[in-house]
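In: Return a 3D structure for these sequence lines:
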Amino acid sequence: MEKIITVKELQEKLDKKEHVFILDVRPIDQRNEWKIAGSYHVDAYKTLNAGDDTALDMVELPKDSTVVTVCAAGRTSLLASSLLQRKGVKALSLEGGMKAWNYAWNTAQIEFPDAKVIQVRRAAKGVLSYVIGSGSEAVVIDAALDPDIYLTIAQQNGWKIKFVMDTHIHADYVSRTRELANASGAKHLLIDDAKVAFHFEGVKHGEKVNIGKVEIEFIHTPGHTWESTTFKLASYAIFSGDTLFIDGIGRPDLKADKVEGAEKAKALYRSLKKLLSLNSDPLVFPAHTSKTVNFDNQLIADTISNISSKIDVIDLTESEFTEYTATRIPPTPANYELIATLNKTGSYVGHVLADLEAGGNHCAIA
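Out: Numbers count the residues shown, from 1 in each chain. Down below sits the predicted model:
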């Protein structure tokens, strides 16, 4: 009998809306860090490893579904699936566990006049990247997965990737934008004062580029990081990185001491005011969501006006906002500084991404 299911196979089942019951057997602290959307949890780590045949007896399993067991790296979940198989249940263990599921993805899309936006979502971390196409050309924003994924999406839509760019120097995952630039031949664009060690084509605040029939404007929005930039797609949408989420705002503290943290908070406040005052009420497409992503094809986006009504901190004064952010900042995960450093150098040679990128994202404070 089969014992494992790969990430690709499970991803395909969820894409096809097949009946799958995902049983997470990790300790609760690991579950709280990140999870598979829609999964059921039972903390059976100790009992399974102790060889207790009753470890999963409390779980009411559906009769019409394949059960997929999940743990951190795929070892304890194999004990769980083997136990269930001995009891006559059709069960498989997710190969590689959550470390492997980190690279599972799905998409959602929307069409505007003269442009299509495809949102590419890393399901476990809530990391969002974008392929924007118009005519025969495309741009990719915040590439977070293997370049072949973006190249395939572009090819399927009849687009050639013209530009690739990041909204900022990421700290929770290793950017694949430089790799995608090399693989596609696209121009690698960044705000002109970005402090990185690799070659790119600098753009200035207010500068615009064209893809197909639409225009993309660069809006410098420092605060989360000093180089943070928002990309405005005509009057339709903005791609706000970690400056503005649909349910919160970015944290201004990473790699900053108390003084710099306060300066970044002030800059973030001004950047938020700039974005929230944009005309035409565009859709906001962030670089993250704080929740794990369902395979539901529903866009993670909202309008400026709706976001403004949900985020109270935008009504504070600049000094109040600075004080507020100082009290709300969560601890910086241990891997964030290393990831940010790798993204500045443009290389992750010698590092295992599955280990380096494990865990949820912690980029929001409100």
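In: start to end distance for stretch 145-163?
Out: Terminal residues of stretch 145-163 lie 16 Å apart, using C-alpha to C-alpha, to the nearest Å.
In: From the rest of the structure, what touches that stretch?
Out: Residues from elsewhere that reach stretch 145-163 (C-beta atoms under 8 Å, 6 or more residues apart in numbering): 103, 105, 107, 116, 118, 120, 122, 129, 131, 133, 136-140, 143, 176, 179-180, 183-189, 209, 211. C-betas here are computed from N, CA, C, even on glycine.
In: Let me know the distance separating the most centrally placed residue in the chain from H19.
Out: Nearest to the mean C-alpha position of the chain, counting by C-alpha atoms, centre = their mean, stands V127 at 0.3 Å. Remark: distance between V127 and H19 (C-beta to C-beta, to the nearest Å) = 27 Å.
In: Next: A80.
Out: Distance from A80 to H19, by C-beta to C-beta: 19 Å.
In: Could you do V120 as well?
Out: From V120 to H19 the distance is 25 Å (C-beta to C-beta).
In: got it, and R122?
Out: Relative to H19, and taking C-beta to C-beta, R122 is found at 24 Å.
In: These two: who's more crowded?
Out: R122 (23 against 10; other C-beta atoms under 10 Å).
In: Now for that one: which residues touch it?
Out: Going by C-beta under 8 Å, 6+ apart, the list of residues near R122 reads N102, Y103, A104, W105, L128, A144, L145, Y173, V293.
In: Turn these into CSV, columns for secondary structure and pLDDT.
Out: Converted to CSV, the contacts of R122 look like this (DSSP: H, G, I helix; E, B strand; the rest coil; pLDDT from 0 to 100):
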residue, secondary structure, pLDDT
N102, coil, 95
Y103, coil, 96
A104, coil, 97
W105, strand, 97
L128, strand, 98
A144, coil, 97
L145, coil, 97
Y173, coil, 94
V293, coil, 94
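In: Just the buried residues from these, in PyMOL please.
Out: Of these, the buried ones go into a single PyMOL selection, burial set by 16 or more other C-beta atoms under 10 Å:
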select buried, resi 102+103+104+105+128+144+145+173+293
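In: Which one of the contacts of R122 is nearest to K232?
Out: L128 (16.9 Å; C-beta to C-beta).
In: What residues are recorded as beta-bridge partners of the closest one?
Out: Taking DSSP bridges as the rule, L128 bridges to R121.
In: Would you quantify the distance from it to K258?
Out: With C-beta to C-beta as the criterion, L128 and K258 are 31 Å apart.
In: phi, psi of the closest residue in space to the residue nearest to the centre of the chain that isn't next to it in sequence?
Out: Distance criterion C-beta to C-beta, 6 or more residues apart in numbering; nearest residue to V127, sequence neighbours excluded, is A144 at 4.8 Å. With angles defined as degrees, to the nearest 10, A144 sits at phi -130, psi 0.
In: where's A144 relative to D281, distance?
Out: 28 Å.
In: show me where pLDDT drops low in this structure?
Out: 1, 254-256, 366 (pLDDT under 70).
In: how about the helices of it, start to end?
Out: Here the chain has its helices, by DSSP state H, at 7-15, 28-33, 45-49, 76-86, 97-101, 147-156, 177-184, 258-276, 304-310, 318-328, 336-345, 353-356.
In: Distance from the chain centre to the second one, please.
Out: Right, helix 28-33. 18 Å (C-alpha atoms, centre = their mean, to the nearest Å).
In: which residues are in contact with that helix?
Out: By C-beta under 8 Å, 6+ apart, helix 28-33 touches D24, H41, D43, A72, M98, G359, G360.
In: mind running it again at 10 Å?
Out: 24-26, 39, 41-43, 45, 70-72, 97-98, 333, 358-360, 362 (C-beta atoms under 10 Å, 6 or more residues apart in numbering).
In: Return the subset of those residues lying in strands.
Out: Counting by DSSP state E, the part of those found in strands is D24, H41, V70.
In: Can you lay out these as a markdown table showing neighbour count?
Out: Shown next, in a markdown table, are those (neighbours: other C-beta atoms under 10 Å):
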| residue | neighbour count |
| --- | --- |
| D24 | 24 |
| H41 | 19 |
| V70 | 28 |
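In: can you list the residues you listed in CSV and add distance to F218?
Out: Shown next, in CSV, are these (distance: C-beta to C-beta, whole Å):
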residue, distance to F218
D24, 41
H41, 43
V70, 41
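In: Pull the number of nearby residues for N294.
Out: 16.
In: same question but for Q156, I mixed them up
Out: 9.
In: repeat for A358
Out: A358 has 21 nearby residues by other C-beta under 10 Å.
In: Is it correct that it is in contact with Y103?
Out: No: using C-beta atoms under 10 Å as the test, A358 is too far from Y103 to be in contact (11.1 Å).
In: list the residues that contact both of those two?
Out: With C-beta under 10 Å, 6+ apart as the test, A358 and Y103 both reach A124, K125.
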